[in-house]
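dropping the sequence and predicted coords here.
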Amino acid sequence: MTTATARISRPGHTAAKPARSAKSRERAMAWARRAPLLPALIFLIVVTQLPFVVTLFISFLNWNSLSPTKTAFAGLENYVTVLTDPDLRQAIFTTIVLTVSVVLASLLTGLGLALLLDKKFLGRGLARTLLIAPFLVVPVAAALIWKHALLNPAYGLVNGILTWIWSLFGNTTPPQLDLLSQAPLMAVIVSLVWQWTPFMMLILLAGLQSRPMETVEAAQMDGATPWAIFRHLTLPHLRQYLELGGLLGAIYIVQNFDSVFTLTAGGLGTANLPYAIYQTFYYANEYGLASAAGVVVVIGTIIVATFALRTVFSLFKKEAAR
Amino acid sequence: MSTLTPAAPQSSTHARPGSTRARRGKTRMDPTRNNTAAGIAAWLLALLFASPVVWMILTSFHSETDAATNPPSIAANLTLDAYREFFGETSGVSPWPSLINSATASILSTVLVLVLAIPAAYALSIRPVKKWTDVMFFFLSTKMMPVVAAILPLYLFARTIGALDNIWFLILMYTSMNLPIAVWMMRSFLAEVPEEMLEAAQIDGANLLLILRKVIAPVAMPGIAATALICFIFSWNELLLARVLTGVVAGTAPVFLTGFVSGQGLFLAKVCAAAVVISLPVLFAGFAAQDKLVQGLSLGAVK
């Protein structure tokens, strides 16, 4: 639309005015285009990029706010500590295990659910709504429910159901789980998979519904088995959506703080990096060390993000080209 | 944009009914049987996934003694005691200040996000700047930086200027947290405004304000609403920033919930009541945005 107005007004102007003013007009036009963008851009640079630069700076300092007189340049010392301290190394390992297992498990479960919801059946809309519910519980509240109402060894629902089922067969010594103290990381993983499966399901369901049905129907006519159709038509089409869901999920789950904080308070090897960093600066007041750990997280995220951006970009180009 | 080129959707609507009829005619029994099986499986899984939520709601209406039994007392009498307890009947600790703080932070940050994101999205879709894709990916990359990597300087800055435990500082943080997502969502919604309509309005001599009101707003409104709801949800849910940057005065609802992290004797029904009350706004916002939820959460990449 702008090109239209420009074309209409230009011939007369360029003839009458010298080249320089035309150039400055063009520059003014370019700035007029940029103007609506600038507030958001500047705000975001100030609030997110500047603090990170400061983090980067602090990460090279030996700075504990409890002994401020000892603040000094530390070189790479903090980074060495991050990579050698057993607790922080454990935190790096936990972050990776947590992220990978939650993303994979919720992707697979989400895929199964999406395939089921792609079929027409009675009350499909309601079933879909029920399935979204876990995603719409405040994360801290969800973690509290898992901790107290579901996994509590004495009166949680999981053990309650085990007792009930065993009592049906006249057994008074049912097996009782205590996930929170015996496998705390598993407890965190299970609760997160429960919360993130709906997210994956929604993205994959949208992917399934954008399949070109003509090819699927043609394959059906040719007598292809459902498995062959899934393997050779559906899965290749879903690949991008699986990648998108996995990588967006990874970005959020790497940063998870709420579940670890609420379910296990970082105990028994469940402290991931966000939790460990929070502890390091909030309670131990080790500002330099916490910053170095923060930079390590960013480096890790950049590695994941490079792949994420590529996937988003290819979907984005496809959409823009349509 | 594509949906508005008249040729494409028509051809697909022509193709669809015919092919479905053909399929139905050929294999009549199989799809129906498959669907029944799939329907039963889907319903069982849906109930399984919803059961913690259902259990949370049910327990919140039980008395404390009925809530903590093994096996569970599903048919126990219903009562509002847990809600009374949560709202501080005996303890005198009211959750209202934290709920009001959460509402303030979420609503005001969402308004700020929209004020910043809508013009930005306009400059990225309707009248795009040069290299607008680069700008888009810059926005996205800021979202990929974990909050923990910036939280210490923000905390120190807030402490220095005396903005700790101040809701306005939290509002600015939430605005920056949601702005990149909102720009991506808004761009995808604004890109749906048909170019032909914009050109036609331009030729008719409509000014910018009129175009915004009559051409862009009607198409983009559902998208703007969905963006607002999703930003509201993310702000309402946030814990880490609120925990570090607020305290007694500006503490939000999730911070209030952390008071229930360690057990306090018989308090299960009260925990469930707290979780229900604090999740209600998110549940409403989420179901209200349900149609556009995928597009929003996938940053506009999936429709």
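On my side now, so go ahead.

show me where the chain dips below the pLDDT cut-off.
Let's take chain A. A:1-19, A:308-309, A:312, A:315-322 (pLDDT under 70).

I was after chain B.
B:1-34, B:264.

from it, which residue is nearest to chain A?
Going by C-beta to the nearest C-beta, chain A is nearest to residue B:39 of chain B, at 2.8 Å. From N, CA and C alone the C-beta is placed, and that goes for glycine too.

ok, that residue touching residue A:117?
No: at 9.8 Å, residue B:39 and residue A:117 do not qualify as touching, with contact defined as C-beta atoms under 8 Å.

common neighbours of these two, please.
Common contact partners of residue B:39 and residue A:117 (C-beta atoms under 8 Å, 6 or more residues apart in numbering or on different chains): residue A:124.

so which of the two has more stuff around it?
Higher neighbour count among residue B:39 and residue A:117: residue A:117, with 25 against 19, using other C-beta atoms under 10 Å in any protein chain shown.

give me the most central residue, chain B.
residue B:230 (2.8 Å; C-alpha atoms, centre = their mean).

quick check: which element contains that one?
If you go by DSSP states H and E, residue B:230 is part of helix B:217-237.

could I get the helix or strand following that helix in CSV with only the CA atoms?
Per DSSP H and E, the first helix or strand lying C-terminal to helix B:217-237 is helix B:240-245. Taking Å, rounded to 0.1, in the frame of the first residue of the first chain, the C-alpha atoms of helix B:240-245 are listed here in CSV:
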residue,chain,number,x,y,z
LEU,B,240,11.2,-16.8,40.4
LEU,B,241,11.2,-13.1,39.7
ALA,B,242,8.4,-12.5,42.2
ARG,B,243,10.2,-14.5,44.8
VAL,B,244,13.5,-12.7,44.4
LEU,B,245,12.1,-9.1,43.8
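
so what touches the next helix or strand after helix B:240-245?
Scanning forward in sequence from helix B:240-245 by DSSP H and E, the next helix or strand is helix B:253-257. By C-beta under 8 Å, 6+ apart, the residues outside helix B:253-257 that reach it are A:138-141, A:144, A:258, B:95, B:98-99, B:101-102, B:236-239, B:242-243, B:246, B:274-275, B:278.

re earlier: is there proximity between the helix holding residue B:230 and chain A?
Yes: residues of helix B:217-237 are located near chain A by C-beta under 8 Å from any C-beta of the partner chain, namely B:233, B:236-237.

from those, pick the one nearest residue A:301.
residue B:237 (20.1 Å; C-beta to C-beta).

what about the closest one, neighbour count?
By other C-beta under 10 Å, neighbour count at residue B:237 equals 24.

and if you look at residue B:262?
Counted with other C-beta under 10 Å, residues neighbouring residue B:262 total 8.

can I take it that it is in a helix?
No: counting by DSSP: H, G, I helix; E, B strand; the rest coil, residue B:262 is not part of a helix but coil.

how much space between residue B:67 and residue A:292?
The gap separating residue B:67 from residue A:292 is 45 Å, by C-beta to C-beta, to the nearest Å.

what ranges does chain B have for its strands?
With DSSP state E as the definition, chain B shows no strands.

typed the wrong thing, it's chain A
So, for chain A - with DSSP E - the strands run A:61-62, A:72-73.

quick one: list the elements packing against the first one.
For strand A:61-62, the contact count by 3 or more C-beta pairs under 8 Å, 6 or more residues apart in numbering or on different chains; DSSP states H and E identifies strand A:72-73, helix A:77-84, helix A:287-321 as packing neighbours.

would you list these in CSV and tack on mean neighbour count and distance to chain B?
Putting the helices and strands packed on strand A:61-62 into CSV (neighbours: other C-beta atoms under 10 Å in any protein chain shown; distance: least, C-beta to the nearest C-beta, whole Å) gives the following:
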stretch, mean neighbour count, distance to chain B
strand A:72-73, 10, 18
helix A:77-84, 17, 12
helix A:287-321, 19, 4
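
what's the neighbour count on the closest residue to the residue of chain B closest to chain A other than its chain neighbours?
In space, and not counting its chain neighbours, residue B:39 is closest to residue A:121: 2.8 Å by C-beta to C-beta, 6 or more residues apart in numbering or on different chains. Neighbourhood size, residue A:121 [other C-beta under 10 Å]: 19.

residue A:121 contacts residue B:41, doesn't it?
No: if you go by C-beta under 8 Å, residue A:121 and residue B:41 don't touch, sitting 9.4 Å apart.

what about residue A:119, how many residues nearby?
17.

contact partners for it?
B:34-35, B:38-39, B:42 are the contacts of residue A:119 under C-beta under 8 Å, 6+ apart.

who wins for proximity to residue A:239 among the helices and strands packed on strand A:61-62?
helix A:287-321 (9.5 Å).

tilt between that closest one and helix A:77-84?
Going by axes from the mean of the first three to the mean of the last three C-alpha atoms, to 10 degrees, helix A:287-321 is angled at 80 degrees with respect to helix A:77-84.
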